[in-house]
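Peer 1: Quick one, what's the 3D model for this:
(one chain, ligands or ions: 2)
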Amino acid sequence: MSAIRARVPGSKSLTNRALAIAAMADGVTELDNPLVSDGTTAFADALVALGASVERHAQRWTVTGSGAGTRLRSGRVWCEDAGTAARFLPPMAAAAGGVFDFDGTDQLRARPLHPLIDALRALGATVEPSGDGEGLPFRLVSDGLTGGEVVLASGTSSQYLSGLLMAGPLLSNPLTVVAPELVSRPYVDMTIAVMARFGAQVAEAIPGRFTVRPGRYTRTQFLVEPDASTASYVLAAAAVTGKEVSVDGLGSASLQGDRRFVDVLSQLGAKVTADRDRVTVRGPRQLRGGFAVDMGPISDTFMTLAAIAPLADAPIRITGVGHARLKESDRIDAIAQNLVSCGVPVRTGADWIEISPADPSAALIRCRRDHRIAMSFSVLGLRVPGLVLDDPACVSKTFPGFHDELARLFAGDR
Ligand SMILES: O=C(O)C1=C[C@@H](OP(=O)(O)O)[C@@H](O)[C@H](O)C1
Ligand SMILES: C=C(OP(=O)(O)O)C(=O)O
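Peer 2: Ligands and ions are numbered 1, 2, ... in the order given. The predicted structure follows:
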């Protein structure tokens, strides 16, 4: 039986990095296979509000950048639910100069931003919160940033560092960021790789100390890989149904750390084959548990594993995911409470969760407007008829066609 090929849309993280840098670049960048979802549309709309041009055709977005040293259009910048917008755009705006009112949904307002605000203030920007907290909404006033050295608290998100690094070439002097307790390191490596594609270099003379020199981004042709975090759902679905599924464009050459999720599927007993440009997973007859795994570097995929863990033959402990409590939802609590409602024994701690084998019962899954909760439990639903999501549409943040694609691949497996 040959593998069925899954249709996985472009990477949100790569799309939004390329959009941000292209908007700062000289010339016109062509972005091929961009993710078209709420998470990238909101990001592109925010860039247009800042004065960039983003022409959106079916498989190609064309971005006309303002070039270094050009002030962005002052005004309101709406970030919707997009953490990458709230963390990548303020440094860019501060570096270019102007007066900007940043805001987002209640879900985004609840996510930590003060480490980045502290760093921007230390670099000379004025940031005035206009809400109750220390994050969104806030007004940012800047005449451009001169550079220098700043210590950035990086234990809750890597996105603050990615945002500062991407703005680095716009500063008039070198920028050095010291990032203690850095989480989600693969996303910083992705940032550095995408910046290099646009002609900017980041030095890391000692681990955790990053330096970017002034310079100009140059336009490029950028092909967006399929989203590795999204691929985790269709590949996990292969693992729980015994089918064989492949994803083209996601192999060892990928820039995405979440491609390593297939190593976890191997631990579960799935057969994984990968070359430079494709990964294929065939599910085992029985999922194999009895292990602990640190998923801190790939925390977006810990929910995919947690949701199918009850189907394994022994307990599975997932560690290193404390920062996932601060994302679209408290993801440890969301996973745990929903598994408990399915009758699955679960234990949790500040940064870990342990799931024991069970025969899950059908329940109403509370998605908490978190696309990854919805998609993770949809995979479990392939083995638990009657599992219902209270908000199936929330997948639109990263995969509007998710439910149709899962049905196309696994319709006969429910
Ligand atoms: O930089 C990025 O594109 C992302 C970084 C990660 O966030 P944290 O760095 O906050 O873990 C990840 O959860 C998010 O989906 C995308
Ligand atoms: C946390 C996520 O996205 P963002 O930080 O871009 O909101 C995610 O996609 O799981």
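Peer 1: Next to ligand 2, which bits of the stretch 51-200 of the chain? Give me the list.
Peer 2: Within the stretch 51-200 of the chain, the positions near ligand 2 by Cβ under 6 Å from any ligand atom are 82, 83, 84. For every residue, glycine as well, the C-beta is placed using N, CA and C.
Peer 1: Return only those of these found close to ligand 1.
Peer 2: Among these, ligand 1 is touched by residue 84 when using Cβ under 6 Å from any ligand atom.
Peer 1: Same list, the residues of the stretch 51-200 of the chain next to ligand 2, but as a markdown table with neighbour count, secondary structure and pLDDT please.
Peer 2: Below are these laid out as a markdown table (neighbours: other Cβ atoms under 10 Å; DSSP: H, G, I helix; E, B strand; the rest coil; pLDDT from 0 to 100):
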| residue | neighbour count | secondary structure | pLDDT |
| --- | --- | --- | --- |
| 82 | 26 | coil | 98 |
| 83 | 21 | helix | 98 |
| 84 | 23 | helix | 98 |
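Peer 1: which strand residues sit across from residue 312 in the sheet?
Peer 2: residue 287 (DSSP bridges).
Peer 1: residue contacts, it?
Peer 2: Listed by Cβ atoms under 8 Å, 6 or more residues apart in numbering, the contact set of residue 312 reads 268, 287, 288, 289, 290, 357.
Peer 1: and the residue in the stretch 51-200 of the chain that ligand 2 sits nearest to, what does it touch?
Peer 2: Closest residue of the stretch 51-200 of the chain to ligand 2, Cβ to the nearest ligand atom: residue 83 (2.6 Å). Contact partners of residue 83, counting by Cβ under 8 Å, 6+ apart, are 108, 111, 157, 159, 327.
Peer 1: Apply 6 Å and report the result again.
Peer 2: Going by Cβ atoms under 6 Å, 6 or more residues apart in numbering, residue 83 touches residue 159.
Peer 1: how long is stretch 377-397 end to end?
Peer 2: 16 Å (Cα to Cα, to the nearest Å).
Peer 1: and the stretch 301-414 of the chain, which residues reach ligand 2?
Peer 2: 327, 328, 372, 398.
Peer 1: Looking at those, state which has the most neighbours.
Peer 2: Using other Cβ atoms under 10 Å as the neighbour test, these are led by residue 372, with 30 neighbours.
Peer 1: The helix or strand that residue falls within near ligand 1 at all?
Peer 2: Under the criterion DSSP states H and E, the helix or strand holding residue 372 is helix 371-380. No. Residues of helix 371-380 are not located near ligand 1 by Cβ under 6 Å from any ligand atom, the shortest gap being 8.4 Å.
Peer 1: What's the mean pLDDT across that helix?
Peer 2: Helix 371-380 carries an average pLDDT of 98.
Peer 1: Which neighbouring elements make contact with it?
Peer 2: helix 228-241, helix 302-308 (3 or more Cβ pairs under 6 Å, 6 or more residues apart in numbering; DSSP states H and E).
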